[in-house]
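Asks: Fold the following for me, if possible:
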Amino acid sequence: QVQLVESGGGLVQAGGSLRLACATTGLTFRDYTMGWFRQAPGNYREMVAAINGNGGDTYYSVSAAGRFTISRDNAKNTVYLQMNSLKPEDTAVYFCAADLANAIVTIHDTGYDYFGEGIQVTVSS
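Replies: As a prediction, the model looks like this:
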């Protein structure tokens with residue numbers, strides 16, 4: 001079956017960096033657009049970044065642009081999210097997601113086929 005497993009979360013001070021990774025199994029990775037979402041308590045799940053199957057196209061939310069970088073390694077079936085200059089408002093559970101599409105067609109979580117269980121990122125002030 002399809003599995004998406006996030007790693008790399010944790011506690012970091014404001015201004016610091018974290019690199020999230022999402023290892024996938026059970027799917028033809030290059031056929032999937034991959035996304036990172038986050039959900040803070042009381043908020044809806046929002047897209048942070050996405051990358052298409054060959055890595056040639058990316059999307060960033062306004063809050064992530066300029067600070068976060070999404071990348072993928074199709075040989076390792078893994079997608080990454082490098083997060084720099086972290087702020088307390090970045091505190092959330094971060095989820096990776098897979099969409100069987102060869103392009104970034106949606107920023108809504110309802111458009112994605114698979115999600116990981118999520119990983120906590122906490123940024124202290």
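
Asks: contacting residues for Asp113?
Replies: Counting by Cβ atoms under 8 Å, 6 or more residues apart in numbering, Asp113 touches 32, 97-100. Where C-beta positions appear, they are placed from N, C-alpha and C, glycine not excepted.

Asks: What segments of this protein are strands?
Replies: Taking DSSP state E as the criterion, the chain contains strands spanning 3-7, 10-13, 18-25, 33-39, 46-51, 58-60, 68-73, 78-83, 92-99, 114-115, 119-124.

Asks: Can you add distance to His108, mean pLDDT and mean neighbour count and give those strands back as TSV?
Replies: Compiled in TSV, those are given as follows (distance: least, Cβ to Cβ, whole Å; pLDDT from 0 to 100; neighbours: other Cβ atoms under 10 Å):
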stretch	distance to His108	mean pLDDT	mean neighbour count
strand 3-7	18	98	17
strand 10-13	28	98	12
strand 18-25	19	98	19
strand 33-39	10	98	24
strand 46-51	7	98	23
strand 58-60	12	98	17
strand 68-73	17	98	18
strand 78-83	18	98	23
strand 92-99	10	98	23
strand 114-115	13	98	18
strand 119-124	21	98	17
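
Asks: For Thr106, find the nearest of the ones you listed.
Replies: Minimum separation from Thr106 across the strands of the chain (Cβ to Cβ) falls at strand 92-99, 7.2 Å.

Asks: Indicate each strand paired with the closest one and its parallel or antiparallel sense.
Replies: With DSSP bridges as the test, strand 92-99 is paired with strand 33-39 (antiparallel), strand 114-115 (antiparallel), strand 119-124 (antiparallel).
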